[in-house]
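In: When you get a sec, could you give me coordinates for this:
(2 chains)
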Amino acid sequence: MKPKVAFFDFAGCEGDQLQVANLEEELLTLLGQVEVVSFREVMKEHSDNYDIAFIEGSCTRLMDEDRLKQIRKNAKIVVAIGSCATIGGINCIRNYKDLDDVRKTVYGESARLFDTYAARPINAVITVDAYVHGCPIDRDEFLHVVKSLLLGKKPDIPTYPVCVECKKNENVCAFERGQFCVGTVTRAGCNSCCVNEGTICWGCRGLVDNPNENSHKEVLIKYGLTVDDAIGKFRLYFGWQEGKK
Amino acid sequence: MKIISKEDFAEFVNALIADDSWNIVGVKSKRDKYTFAPLETASELRLDYDVTLLPPKKYFFPQRETLFTYDLSNGFSAKGFTAEAKPTIIIGVHPYDIVALLHMDEIFSETKSDPYYFEKRNTSIIIGVNIQKMSKWCFAPYMGSATIDYGYDLMLTDLGNRYAINIGSPKGEDLLEKYAKNVTNARARDSQLVGQKKREITNMAAQQKFDFPPELIPELLKKTYEESGFWEKHSEKCLACGSCVLVCPTCYCFDVKDNPDLSLERGERIRTWDGCLLEDFAKVASGENFRSTRPTRYRHRYFKKGKYLFDRFGFISCVGCGRCSSNCLPDIANPVNLFNDMYRETLNLGMQVAPATMPDVKIETEGNIDYVPRLATIVKKVPMTANETLLEIKLDDGSELGHKPGQFVEISVFGIGEAPISLASSPTRKDTFELCVRKLGNVTTKLHTLNVGDRVGVRGPFGNGFDADSLKGKDLLFIAGGLGIAPLRSLFNYVLDNRKDYGRVILLYGCKEPRELLFGEELLSLTERDDVEFKPTVNWCPESEVWTGSVGVITTLIPQVDFDPKKIYAVVCGPPIMYKFVISDLKQRNVPDDHIIVSLERRMKCGVGKCGHCQINQIYVCKDGPVFNYSKVKGVPEAL
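Out: So this is what the prediction gives:
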């Protein structure tokens, strides 16, 4: 029997689910291996009977926790997809601000109607079995994780930083192009896609397990970034991992 | 020496490009850097470059390479190594990169030759070029690799409006004859000019300067291994990003993984570049990481380049290209800076450093490595504990594995991967072999779910194994901790099957608690034999369980046995932490060092001394071990 899979979203842009929907031909092959029972972006039907739950988005309200816990109860395997779900993502930038101000900025006079708390990745609330990092996720890596789960193995998610992939791809280092990059402390697995295209690594896959953050901040400053800008580089995606809760 | 005008050289390159039977690659610009890349026209060539982003080794040892493809849909089939369609001509290789390729040749041919590397390497043509502009990070003149008189097919020297061409091989000569026009013999003056250019390169005021002769490097390293403060200070800023090793022309370490397609029945096994600076490089499935900290990995890199490979091959495995220095953002990877600091440190400490004596290098090659496993079937499965299962396996082609006690095999579950597992059965049992599999990583966890009749892949046997013959007539003291009983059992049962050939046989076996005892029934039946002394112990025994043996760690058993230290040979296998204590106790009992035999565990990917993961100093555990005489490894840092 094919495993049943369902997709869920919390605070996020649904761009990761869009990546899945955009698998096109591979999506058809994938449907030979799994049965999709819930996927808001592509179908109307919904079922709470599923084996694997893919969750996109951060948890940003206390009331989200109940829904997350219910999904955890229903699913055998929970997979966080996309930065918002895996590391808190850019939602965590607001954790550096006063939450009342944040609510007022977004909802104006109706702010009091919208409860909120510090944005967090879903593993801050429930146990997560596998991660598909990225903003948005990489389709190949999504397939790698799905294949691994179907075969019963732990997905092979790099513990090394993006520099490894940049070197293999023979990119000219962003720093040598006069730009500032956080690929040195960011978990690889994206095949250094942004740097391949001539930009920088923004850090969307989160920090590696044991980053040497101080050294990298020194590097950013040595290459001419102000201390504030260097800190800003780390706040874009690493807020929750840096302990801003 | 020949001479060709620059116009005719461009025509020569264009003629090569026009011939579809070759892959033509050369140095091209990439932003303000350079890279080896396919050439579309000769005008793209930038022979005035300083250094390329990656060395040309990528054409022989690519970043990612398929070792074989498999198909499980119809029984099983695997397609292994296949010859590349076209040979490659690489234009514009600097002498230091040629030296690096010669180092790679030795590494990839030692003991077993790597067909994936050599098929590409042997059919390729190297057109070198003498350095015209030296990178500011380059220190090749110090490493003796700024110029070279061999290792190329053709070597160019820029003489203004023309190139001088040194012919290095008949292949190079043929190429020139077939594709180049208006090639003339060099006049004496041109030869002099080339000599002068080469002297200029060697004397080129490198911006990187060694304060001492680099021949001292191996001995310098030896003296500073223990200076942990030195290594901590220098590696403090290390990002563990691996840039220094990934751009290195002599780095050869690789990882091996399975990449199934979406059918889950077909897929490929690939190898990809790996690096010893990366966090998981020496981590085994149990979670033990033999170089878990940045300083130890940072130190390993310098030792590998400057000492370990020197001890094994007789060369310092650095050609001075400076790529590591230029790619390190915190600027701590520059070997010149580090070795100069090290030299000053030894002077400050009042140490005398002499050049290392050349090691006795014996590079022998017997046949090719085969990465494609043989197919085998599980014929018996005996669950032993919650985490360990004994699998009895038979090769499908009916052949014997033909192993020695203490050897290991690489077991494949296709789609999941490959894992090294010690043989647990004696070679006296010929038709099948046994593996005691602990559920730890992906492969071993999957193996636990397989059943009788399921198929696995087998490569090996690998490693040296125990020398059972040399132990004949000796008293044997087996000391096993936990899963360490599995490799020891292959020797222990061999000894029991040839009982009359050996003296006393004592087995001390310890595990955490009674429920973790492996081979329980088999071992407990030993108590009925009067020719074997068997003592088990557990670290603790929960009240709910019955245990009549000792309680305490394995070392508590050693005082319980009486033996003659001159006659006894101790064979020890267990978790890494166990060796230190057991060996110290044995030494207290006056057991000579060369009477202690250990079997070591390390991360292994290839099993044949190529992938670099199991390296301890100059030793490859997979090939030179896993069995070692303690007297040979006691002085080897990191071994025990």
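In: Where do the strands of the stretch 151-300 of chain B begin and end?
Out: Using DSSP state E, counting those that start in this stretch, the strands of the stretch 151-300 of chain B run over B:154-158, B:162-167, B:184-185, B:254-260, B:266-273.
In: Likewise for chain A?
Out: Along chain A, the segments classed as strands by DSSP state E run A:4-9, A:35-38, A:52-56, A:77-81, A:130-132.
In: Residue 112: how many residues sit nearby?
Out: Went with chain A since none was named. Counted with other CB atoms under 10 Å in any protein chain shown, the neighbours of residue A:112 add up to 10. Placement of C-beta: from N, CA and C, glycine included.
In: wrong one, I was asking about chain B
Out: Neighbour count for residue B:112, taken as other CB under 10 Å: 20.
In: Surely it is within a helix?
Out: No - counting by DSSP: H, G, I helix; E, B strand; the rest coil, one finds residue B:112 to be strand, located in no helix.
In: OK, contacts around residue B:219?
Out: Contacts for residue B:219 (CB atoms under 8 Å, 6 or more residues apart in numbering or on different chains) come out as B:353-356.
In: ok, back up a step: redo the strands of chain A as JSON lines? Include mean neighbour count, mean pLDDT and distance to residue A:62.
Out: Listed next are these as JSON lines, based on neighbours: other CB atoms under 10 Å in any protein chain shown; pLDDT from 0 to 100; distance: least, CB to CB, whole Å:
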{"stretch": "strand A:4-9", "mean neighbour count": "22", "mean pLDDT": "96", "distance to residue A:62": "17"}
{"stretch": "strand A:35-38", "mean neighbour count": "18", "mean pLDDT": "95", "distance to residue A:62": "24"}
{"stretch": "strand A:52-56", "mean neighbour count": "27", "mean pLDDT": "98", "distance to residue A:62": "17"}
{"stretch": "strand A:77-81", "mean neighbour count": "24", "mean pLDDT": "98", "distance to residue A:62": "19"}
{"stretch": "strand A:130-132", "mean neighbour count": "25", "mean pLDDT": "98", "distance to residue A:62": "24"}
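In: and these as JSON lines, adding distance to residue B:90?
Out: Formatted as JSON lines, the strands of chain A follow (distance: least, CB to CB, whole Å):
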{"stretch": "strand A:4-9", "distance to residue B:90": "48"}
{"stretch": "strand A:35-38", "distance to residue B:90": "49"}
{"stretch": "strand A:52-56", "distance to residue B:90": "46"}
{"stretch": "strand A:77-81", "distance to residue B:90": "42"}
{"stretch": "strand A:130-132", "distance to residue B:90": "39"}
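In: can those strands go into a markdown table with extra columns for distance to chain B?
Out: A markdown table is the format used below for the strands of chain A (distance: least, CB to the nearest CB, whole Å):
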| stretch | distance to chain B |
| --- | --- |
| strand A:4-9 | 14 |
| strand A:35-38 | 15 |
| strand A:52-56 | 15 |
| strand A:77-81 | 15 |
| strand A:130-132 | 13 |
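In: Can you check which of those gets nearest to residue B:409?
Out: Closest to residue B:409 of the strands of chain A is strand A:130-132 (CB to CB; 29.8 Å).
In: elements contacting the closest one?
Out: Contact partners of strand A:130-132 among helices and strands, from 3 or more CB pairs under 8 Å, 6 or more residues apart in numbering or on different chains; DSSP states H and E: strand A:77-81, helix A:139-151.
In: Give me whichever of those is most buried.
Out: Of those, the one with the most neighbours on average (mean count of other CB atoms under 10 Å in any protein chain shown) is strand A:77-81, at a mean of 24.
In: what does the domain assignment say about chain A?
Out: According to automatic domain parsing, chain A comprises the domains A:4-151, A:163-238.
In: and the shortest one, anywhere near chain B?
Out: Read it as domain A:163-238. Yes - using CB under 8 Å from any CB of the partner chain, domain A:163-238 comes into contact with chain B via A:163-164, A:167-168, A:170-173, A:175-177, A:184-185, A:208-212, A:215-216, A:218-219, A:223.
In: For the residue nearest the centre of chain A, give me its contacts.
Out: Nearest to the mean C-alpha position of chain A, by CA atoms, centre = their mean, lies residue A:83 at 1.4 Å. By CB under 8 Å, 6+ apart, the contact set of residue A:83 is A:89-90, A:133-135, A:204-206, A:237.
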